[in-house]
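Novice: Quick check, what structure comes out for this input:
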Amino acid sequence: MGRYNRAGKPKPFIRVCRTLKLEIFCAWLCYEDITGYAPPNLNWGPLLPPTPLPRPYRIGASLLHGAAIGVIATRDLAFGETIIIERPLLMIPRAVLLPVAANKIQSELEHQLEVMLSQLDEKSRARVNILSNCKTAKDGSKLWGIITTNGLKCNFPQSRYLPHYAGVFPDISRINHSCSPNAVWSFDSRALWAEIRATRPIATGEEITIAYVTPTETRAERQQTLKKKYGFTCHCTQCVATAGRAAAAASNARRKQIDETDRDARETWAAWLRAPASARSDSVIAPHEAVLPLLDIEGLEGGRGWHVAWIALAYAALGDEANFRRWAEEAEKLARVLEQGVGGYGYQTGEEWQKALKNPHALSIWGKRRVNG
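Specialist: Coordinates of the predicted model:
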């Protein structure tokens with residue numbers, strides 16, 4: 001926000017994004033800083049990778065939370081398999097979607113959103129208007145409600161002002177929530193597309209789900225957030241299974257352990273590297289190994305890549321090539337499938353892990369803690 005304020009709080013403007021065939025696929029309310037790398041009306045490339053054909057899903061009746069519509073698998077899907085790739089219909093700064101007290105400002109925003117929608121063709125407008133709206137007329141216009149209900153977080157690190165946007169997608173925005181989701185989504189800010197991949201095997205007829213809220217919150221916290229933001233009580237398999245007090249307490253404890261290990265990972269690693277030579281490797285490896293079965297129990301397999309990556313790095317620091325290769329091979333696979341790794345240390349992508357596997361001894365951290373046990 002600092003850069004945005006220093007720039008004089010510039011107002012967003014509407015641009016359209018076109019395919020290489022000059023067809024408009026997205027209306028975008030954006031700031032000038034975004035156009036520095038993507039001028040208005042630029043023909044976006046490279047070509048959009050195709051969703052697998054025939055499509056491995058259908059839009060149909062949902063059994064979750066009383067939702068009318070969901071995305072259903074039409075065949076068995078393997079771990080890591082791509083389910084959907086598509087570009088947004090609308091892209092809006094998340095900051096402007098926050099409720100505002102000034103009716104005039106809200107009215108101006110809603111008018112701007114309608115102008116945005118008018119840039120799309122009739123078919124695309126219909127795909128927006130058919131999406132769910134969990135807001136009331138008291139909250140804002142129907143279009144504002146549709147966008148706040150269905151907008152998925154899209155970050156643009158290229159932005160100098162406000163990098164956080166909400167993207168409304170044709171089919172991805174119809175995917176319902178689960179506290180134990182079977183899919184994860186990623187967004188490519190330069191190519192302007194999103195991808196849904198399976199985080200565990202999905203059976204034919206099973207609904208495809210993602211997490212709308214932080215899954216490591218307690219059951220009560222998740223329910224409260226979902227009710228406040230989306231107006232529904234979660235009846236996913238995880239919430240049904242943990243409806244009893246004892247089951248909820250056990251699940252909350254497991255998710256708390258996962259959350260704390262996630263949160264403390266960098267600090268624990270840094271402290272271990274600074275510690276005396278006698279410091280045990282258990283302090284950095286054991287917490288992540290302990291979390292792996294908890295992820296399976298809680299149906300949070302999509303978070304596995306983070307922990308596997310830290311274990312692999314620890315064995316690299318210990319100069320243990322056999323164990324490094326064991327964990328780095330899985331880290332490479334998870335980084336390619338789930339785009340998860342340890343950012344900031346050069347071990348984020350599958351390509352980076354592949355390079356490390358070719359010559360582990362060339363790693364900057366190799367053997368730094370070889371004497372520890």
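Novice: CA atoms for contacts and neighbours, from now on please.
Specialist: Noted.
Novice: how about low-confidence regions in the chain?
Specialist: Residue ranges of the chain with pLDDT under 70: 1-9, 34-48, 67, 99-105, 277-279, 339-348, 370-373.
Novice: what do you get if the cut-off is 50, keeping everything else the same?
Specialist: 39-41, 101-102, 343-344, 372-373 (pLDDT under 50).
Novice: What strand or helix carries Gly145?
Specialist: helix 142-150 (DSSP states H and E).
Novice: residues in contact with that helix?
Specialist: The contact list for helix 142-150 (Cα atoms under 8 Å, 6 or more residues apart in numbering) reads 97, 110, 113-114, 128-129, 131-136, 139, 166-168, 173-174, 229-230.
Novice: what element comes up after that helix heading to the C-terminus?
Specialist: Under the assignment DSSP H and E, the closest C-terminal helix or strand after helix 142-150 is strand 152-155.
Novice: so what secondary structure elements neighbour that following strand?
Specialist: Packing partners of strand 152-155 (3 or more Cα pairs under 8 Å, 6 or more residues apart in numbering; DSSP states H and E): strand 164-168.
Novice: Sheet partners, orientation included, of the strand it packs on?
Specialist: Here strand 164-168 has these sheet partners by DSSP bridges: strand 90-93 (antiparallel), strand 152-155 (antiparallel).
Novice: That one versus helix 142-150: what angle between them?
Specialist: Interaxial angle, strand 164-168 versus helix 142-150 (axes from the mean of the first three to the mean of the last three Cα atoms, to 10 degrees): 110 degrees.
Novice: Tell me how far strand 164-168 lies from the chain's centre.
Specialist: For strand 164-168, the separation from the chain centroid amounts to 12 Å (computed by Cα atoms, centre = their mean, to the nearest Å).
Novice: partner residues bridging the nearest residue to Pro50 once chain neighbours are set aside?
Specialist: Excluding the flanking residues, the one nearest Pro50 by Cα to Cα, 6 or more residues apart in numbering is Ile85, at 6.5 Å. Ile85 forms beta bridges with Glu195, as assigned by DSSP bridges.
Novice: quick one, what contacts Ile85?
Specialist: Ile85 sits in contact with 48-51, 193-196, where contact means Cα under 8 Å, 6+ apart.
Novice: got a markdown table for the strands paired with strand 164-168, with distance to Glu298 and mean neighbour count too?
Specialist: Output for those, formatted as a markdown table (distance: least, Cα to Cα, whole Å; neighbours: other Cα atoms under 10 Å):
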| stretch | distance to Glu298 | mean neighbour count |
| --- | --- | --- |
| strand 90-93 | 33 | 25 |
| strand 152-155 | 23 | 20 |
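Novice: The ones you listed: which one's closest to Lys358?
Specialist: strand 152-155 (32.5 Å; Cα to Cα).
Novice: Based on its surroundings, how many neighbours for the closest residue in space to Ser132 that isn't next to it in sequence?
Specialist: Distances taken as Cα to Cα, 6+ apart place Ile146 nearest to Ser132, at 6.1 Å, with adjacent residues excluded. Neighbours of Ile146 under the rule other Cα atoms under 10 Å: 20.
Novice: any idea how far Cys234 is from Ile146?
Specialist: Counting by Cα to Cα, to the nearest Å, the gap from Ile146 to Cys234 is 20 Å.
Novice: hmm, back to that, make JSON lines from the contacts of Ile85 and add neighbour count and distance to His65 to it.
Specialist: Listed next are the contacts of Ile85 as JSON lines, based on neighbours: other Cα atoms under 10 Å; distance: Cα to Cα, whole Å:
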{"residue": "Leu48", "neighbour count": "16", "distance to His65": "33"}
{"residue": "Pro49", "neighbour count": "11", "distance to His65": "32"}
{"residue": "Pro50", "neighbour count": "11", "distance to His65": "31"}
{"residue": "Thr51", "neighbour count": "15", "distance to His65": "27"}
{"residue": "Trp193", "neighbour count": "18", "distance to His65": "28"}
{"residue": "Ala194", "neighbour count": "21", "distance to His65": "25"}
{"residue": "Glu195", "neighbour count": "18", "distance to His65": "24"}
{"residue": "Ile196", "neighbour count": "24", "distance to His65": "21"}
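Novice: Let me have those in CSV, extended by distance to Pro157.
Specialist: Listed next are the contacts of Ile85 as CSV, based on distance: Cα to Cα, whole Å:
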residue, distance to Pro157
Leu48, 21
Pro49, 22
Pro50, 25
Thr51, 25
Trp193, 15
Ala194, 15
Glu195, 18
Ile196, 21
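Novice: And those, which two are furthest apart?
Specialist: Leu48 and Ile196, at 13.9 Å, using Cα to Cα across the contacts of Ile85.
Novice: quick one: the closest residue to Gly70 other than its chain neighbours from Arg127, how far?
Specialist: Distances taken as Cα to Cα, 6+ apart place Ser62 nearest to Gly70, at 4.8 Å, with adjacent residues excluded. Ser62 sits 18 Å away from Arg127, going by Cα to Cα.
Novice: Looking at those two, which is more packed in?
Specialist: Between Ser62 and Arg127, counted using other Cα under 10 Å, the more crowded position is Ser62 (18 against 14).
Novice: That one contacts Glu207, correct?
Specialist: Yes: when contacts are counted by Cα atoms under 8 Å, Ser62 is listed as touching Glu207 (7.3 Å).
Novice: Put the buried members of the contacts of helix 142-150 into a PyMOL selection.
Specialist: Typed into PyMOL, the next command selects the buried ones out of the contacts of helix 142-150 (criterion: 16 or more other Cα atoms under 10 Å):
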select buried, resi 97+110+113+128+131+132+133+134+135+166+167+168+173+174+230
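Novice: Which of the contacts of helix 142-150 fall within strands?
Specialist: 166-168 (DSSP state E).
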